[in-house]
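Asker: Give me the fold of what follows.
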Amino acid sequence: MLLSTAHVATDRPERYAKQLVSHLGHKAAAEHTGPGCATITFRSGACSLRSSQGVLVLVVEAADLDALGGVQDVVTRHLLRFAAHEELHVDWTGSRR
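Answerer: Purely as a prediction, here's the structure:
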């Protein structure tokens, strides 16, 4: 399994996590896994979300690089769309087995 992580600095991490779960939950399986935490499971992989003080942590896992990139792309595009009044930077790091 390949993993990739992004730490997104924001004053609204919980809000963005809720929006991602709510919106993407119509297209994938989404569940809250604890306070400020959730997992969105797509056909090609999954994204775990954790909101904490000033940061939204995103961890994507998938079986191969194409699937990993696909999940990263979907999550990134939706997150940036929700942040219309804030400039977010989503830089994915790592992809390891």
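Asker: And the longest helix seen in the chain, what's buried?
Answerer: For the chain, the helix that runs over the most residues, judged by DSSP state H, is helix 65-82. Neighbour counts over helix 65-82 (16 or more other C-beta atoms under 10 Å) mark 67-72, 74-76, 78-80, 82 as buried. C-betas here are computed from N, CA, C, even on glycine.
Asker: how about those residues, which pair is most distant?
Answerer: Spatial extent of the buried residues of helix 65-82 (C-beta to C-beta) is set by the pair A67 and F82 at 23.2 Å.
Asker: Run through the neighbouring helices and strands of the helix or strand K18 falls within.
Answerer: Assessed by DSSP states H and E, K18 sits inside helix 13-24. Judged by 3 or more C-beta pairs under 8 Å, 6 or more residues apart in numbering; DSSP states H and E, the packing partners of helix 13-24 are strand 29-34, strand 37-41, strand 45-52, strand 55-62, helix 65-82.
Asker: Identify the residues contacting G25.
Answerer: Residues counted as contacts of G25 (C-beta atoms under 8 Å, 6 or more residues apart in numbering) are I40.
Asker: how near is it to H78?
Answerer: Distance, G25 to H78, by C-beta to C-beta, to the nearest Å: 11 Å.
Asker: now G34
Answerer: 21 Å.
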